[in-house]
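Undergrad: This is a predicted model, with the sequence first.
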Amino acid sequence: MKKLLLTVAVVASFVAQADEGMWQPYQLPAMAEELKAKGLEIDANAISKLTEFPMNAVISLGGCSASFVSPKGLVVTNHHCAYGSIQYNSTPDKNLLKDGFLAKSYAEELQATPGSRIYVTEAVTNVTDKVKKGLENKVGNDFYQGIEGKEKSLVAECEAENGYRCQVYSFHGGLEYYLVKQLEIRDVRLVYNPAGSVGKYGGDIDNWMWPRHTGDFSFYRGYVSKEGKPADFSKDNVPYEPKSFLKVSAKGVSDGDFVMVAGYPGRTNRYRTANEVENTFEWSYPEGKMLRERFIDVIKETTEEGSAERIKYKSLIAGLANYAKNFTSMIEFYAKSTMLDDRNERESQLESWINKDSKRQQQYGKTLAELDSLIAEGQEHQARDIILGYIRYTTMVPTAKKLYRLANEKQLDDMEREPGYQERDMIRFKSSIERIDRLYAASVDKALLFDMLKRYAALPLSERVPALDKVFDIDNTLNEHKLHQVLDNMYNKTKLGDMDTRLGWIDKSVADFKSSSDPFIQFAVAMYDTDMAKERKEKDLSGKLMKVRPLYMKAIIAFNTEQGKAVYADANSSLRVTVGHVKGYSPQDGLKAVPFTRLEGILAKDTGADPFDAPSKQLELIKQKRYGDYYVKSLDSVPVNFLSTLDTTGGNSGSPTLNGRAELVGLLFDCVYESIIGDWAYDPQFNRSIQVDSRYMLWVMKYLDGADNLLAEMEIVH
């Protein structure tokens, strides 16, 4: 009955909700009439069937979205999603990040970053009853461990068939659980990326901004064994043949056209409480912005532009800058918004609704107060926790901790191990250890760790961690010279910078770790008991929240359903579909942003200096008006990027933007500055996603980079 009520609420209010909503595929058939009215031409039922076109052509890269665009496993995604693999294959002498790369044959394609994966979703099953059964009377850590145990059992059963990766996802704060089964393609290769002056044109300056002129696209290819099964990288592997792939539109879209996106949005927070909103925007985001910007400064202060060390940190810098700017926007628009008042009002209305009915009072009466109390408990040590959390961006500290944790976990039966340390995780674990060589420089790592420890040492003594103080010889008052000496000694003596040494530690015992003289191994051993105690406390709190938050969401769903309002789950990295239209917006009074940019905008922006330094060949083609097959009369040019009302977030990067016939008309890669706050609240006036136009992608491939082999491989619709 609960699912029926939810579906009814969705249908009744779909039009009224504008283009808001990240919908689970199973919800879409109930919206068939509304979708058709908006411009969907294919059967809405097809979008709900994950094993059929077009959904089986939409894939995840584990952090980004992508899609198959040929019968030979060719994958298109964003340039910034392939950035790590481009960086991995770059050297100062052969800088693919700067100059671009094109494989003219299968043999020329390059292995992507170790651990790269292509995930093809094949099934989504509601397992709520199986996960929760028998746990009704469990609380705190016991409830957390009980849920985790059920999830691990379901995953193990699902992964009994080789070549699959499975995961249980929580929806509505733990109200529902779904088991997702994905084919895991382990041999991923880089096929083509345009030059950085195309794929990252505008750089951090243009990030989140409009107008935009970024060719944010690149291509991978998935490979499997000759038997068609997922396999590790091997020269004997063959291109994967997907069950379906997307046709690429050379016709594109126009202002007002229907568009939809299928992808894997990361996280949204539209049902968080007023207390969570206030703490996040008034403390967490400002602190996170400051720390990320400081990390970037430290890396740049420690390395020279163009050096091998700087290249290793290019991807990290890009990620840090991306979120620093994200936080800046969040803080700015929160200050101008009524979000906090809106959340307080929502909770006031919800509480009033609960109190009007004795049954509702009995079911939900204490929910809001209990939730607020638990949230406050989680914020108690946040000043310390954020600093210790940012240390994860260094390399030696988290690497040593992971290796020692593995040694301890391996003493347990596989099903008793912490997720991330089970046998199913070992290929991924090993890959993470291998790729450190391309991402690590001791001088940078040491400088970053010093900066974080200096901040940690400034905390009140009550917030300090005795085991950490002892390892780094931090007294009540920080002696910076002594800390430098301690770190110099640790980095000079450690052997974890060597890949073979790191890999060797994967198979060592707890006793081996305890007898080691490596200073970072000693650090991991010294911190282990403290880390485990902290983790147990966090799990106990999580277990309590996993009991209360579903009740809160159940109340919200019931309250909204009664009023005929749609309820969709917050994004959680599972497959979702969003629908919208090509549309401009007015960012402020007196300004109107049209929905398309043109090639000529590149000429207007170009300064010849990074990040506005388009290739000279491209500039000449534009000056000569070499539009070729992709000329659009209404624009008198080739479109580069376009805006849409699609409701998206991080993780949607690389998602195929489709027209009503499910043809690829663009790749989603960003949103405008004013809609970054959309992770917390959708505003139809300002929420705009940014796509690279398929016609610009095809133009770059044909006229700039000569990627004729890939154009011939794809099915292009005119």
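TA: Ah, there it is.
Undergrad: quick one: buried residues of stretch 137-155?
TA: Neighbour counts over stretch 137-155 (16 or more other C-beta atoms under 10 Å) mark 138, 140-141, 143-148, 150-152, 154-155 as buried. In this view, the C-beta of every residue, glycine as well, is placed from N, C-alpha and C.
Undergrad: Let me see the mean pLDDT of it.
TA: Stretch 137-155 carries an average pLDDT of 97.
Undergrad: Contacts only, for the spatially closest residue to residue 49 that is not a sequence neighbour.
TA: Nearest non-adjacent residue to residue 49, counting by C-beta to C-beta, 6 or more residues apart in numbering: residue 55, 6.5 Å away. The contact partners of residue 55, by C-beta atoms under 8 Å, 6 or more residues apart in numbering, come to 25, 46, 47, 48, 49, 121, 262, 575.
Undergrad: Please give me every residue in contact with residue 654.
TA: Taking C-beta under 8 Å, 6+ apart, we find residue 654 in contact with 61, 64, 65, 66, 76, 77, 78, 81, 263, 667, 668, 669.
Undergrad: Please tabulate the residues you listed in CSV, including the columns distance to residue 201.
TA: Converted to CSV, the contacts of residue 654 look like this (distance: C-beta to C-beta, whole Å):
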residue, distance to residue 201
61, 22
64, 19
65, 21
66, 21
76, 18
77, 17
78, 13
81, 16
263, 23
667, 15
668, 17
669, 12
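Undergrad: Now do the residue nearest to residue 49 against residue 525, distance only.
TA: In this view, residue 55 and residue 525 are 48 Å apart by C-beta to C-beta, to the nearest Å.
Undergrad: Which helix or which strand is home to the residue lying closest to residue 216 once chain neighbours are set aside?
TA: Leaving out its chain neighbours, the residue that sits closest to residue 216 by C-beta to C-beta, 6+ apart is residue 669, at 4.0 Å. Using DSSP states H and E, residue 669 sits within strand 664-671.
Undergrad: go on, residue 142?
TA: helix 140-158.
Undergrad: helices and strands around the following helix or strand past that helix, which ones?
TA: Sequence order places strand 164-171 as the next helix or strand after helix 140-158, per DSSP H and E. When contacts are defined as 3 or more C-beta pairs under 8 Å, 6 or more residues apart in numbering; DSSP states H and E, strand 164-171 packs onto helix 140-158, strand 176-185.
Undergrad: Using CSV, lay out these together with distance to residue 332.
TA: Below are the helices and strands packed on strand 164-171 laid out as CSV (distance: least, C-beta to C-beta, whole Å):
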stretch, distance to residue 332
helix 140-158, 37
strand 176-185, 35
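Undergrad: right, and these - which one's nearest residue 319?
TA: Evaluated over the helices and strands packed on strand 164-171, closeness to residue 319 peaks at strand 176-185, with 23.8 Å, by C-beta to C-beta.
Undergrad: partners of whichever helix or strand comes after that closest one, with directions?
TA: Going down the chain from strand 176-185, the next helix or strand is strand 187-193, by DSSP H and E. With DSSP bridges as the test, strand 187-193 is paired with strand 101-102 (antiparallel), strand 110-111 (antiparallel), strand 218-224 (antiparallel).
Undergrad: Heading C-terminal from strand 187-193, find the next helix or strand.
TA: Downstream of strand 187-193, the first helix or strand assigned by DSSP H and E is helix 196-199.
Undergrad: elements contacting the next helix or strand after that following helix?
TA: Note on helix 196-199: by DSSP H and E, the next helix or strand toward the C-terminus is helix 203-206. Helices and strands touching helix 203-206, by 3+ C-beta pairs under 8 Å, 6+ apart, are helix 314-336.
Undergrad: Report the buried residues of the helix it packs on.
TA: Neighbour-count burial for helix 314-336, with 16+ other C-beta under 10 Å as criterion, is recorded at 314-322, 324-331, 333-334.
Undergrad: which is the next helix or strand following it?
TA: As assigned by DSSP H and E, the chain's next helix or strand after helix 314-336 is helix 339-355.
Undergrad: Export that following helix to CSV, keeping only CA atoms.
TA: Taking Å, rounded to 0.1, in the frame of the first residue of the first chain, the C-alpha atoms of helix 339-355 are listed here in CSV:
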residue,chain,number,x,y,z
MET,A,339,16.3,27.8,3.0
LEU,A,340,16.7,27.7,6.8
ASP,A,341,13.4,29.4,7.3
ASP,A,342,11.8,27.0,4.8
ARG,A,343,13.1,24.0,6.7
ASN,A,344,12.0,25.3,10.0
GLU,A,345,8.6,26.0,8.5
ARG,A,346,8.4,22.5,7.0
GLU,A,347,9.2,20.9,10.4
SER,A,348,6.7,23.2,12.1
GLN,A,349,4.0,22.1,9.6
LEU,A,350,5.0,18.4,10.0
GLU,A,351,4.9,18.6,13.7
SER,A,352,1.5,20.3,13.6
TRP,A,353,0.2,17.6,11.3
ILE,A,354,1.5,14.9,13.6
ASN,A,355,-0.1,16.5,16.7
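Undergrad: contact partners of the next helix or strand after it?
TA: For helix 339-355, the following helix or strand on the C-terminal side (DSSP H and E) is helix 358-364. Contacts to helix 358-364, defined as C-beta under 8 Å, 6+ apart, come from residues 353, 354, 355, 551, 552, 554, 555, 558.
Undergrad: if we go to 10 Å?
TA: 350-351, 353-355, 357, 365, 551-552, 554-556, 558-559 (C-beta atoms under 10 Å, 6 or more residues apart in numbering).
Undergrad: List just the nearest of these to residue 465.
TA: Distances from residue 465 to those, taken by C-beta to C-beta, are shortest for residue 552, at 32.6 Å.
Undergrad: can you tell me the average pLDDT over the helix or strand that contains that closest one?
TA: Using DSSP H and E, residue 552 sits within helix 519-562. Averaged over helix 519-562, pLDDT sits at 97.
Undergrad: Could you tell me the angle between it and strand 176-185?
TA: Using axes from the mean of the first three to the mean of the last three C-alpha atoms, to 10 degrees, the direction of helix 519-562 lies 130 degrees away from that of strand 176-185.
Undergrad: Look up how far residue 269 lies from residue 651.
TA: Separation of residue 651 from residue 269 (C-beta to C-beta): 14 Å.
Undergrad: if we can go back for a sec, number of nearby residues for the residue nearest to residue 216?
TA: Number of residues near residue 669 (other C-beta atoms under 10 Å) recorded here: 28.
Undergrad: Check residue 673 too.
TA: The local packing of residue 673 (other C-beta under 10 Å) involves 20 other residues.
Undergrad: do residue 93 as well
TA: 5.
Undergrad: how would you label it: helix, strand or coil?
TA: Assigned by DSSP: H, G, I helix; E, B strand; the rest coil, the conformation of residue 93 is coil.
Undergrad: For it, give me phi and psi.
TA: Main-chain dihedrals, residue 93, degrees, to the nearest 10: phi -80, psi -30.
Undergrad: Return the residues in contact with the closest residue to residue 443 other than its chain neighbours.
TA: Nearest residue to residue 443, sequence neighbours excluded (C-beta to C-beta, 6+ apart): residue 302, at 5.5 Å. When contacts are counted by C-beta under 10 Å, 6+ apart, residue 302 touches 309, 310, 313, 441, 443, 444, 445, 446, 447, 448.
Undergrad: Do I have it right that residue 659 meets residue 250?
TA: No. With contact defined as C-beta atoms under 10 Å, residue 659 and residue 250 do not form a contacting pair (12.0 Å).
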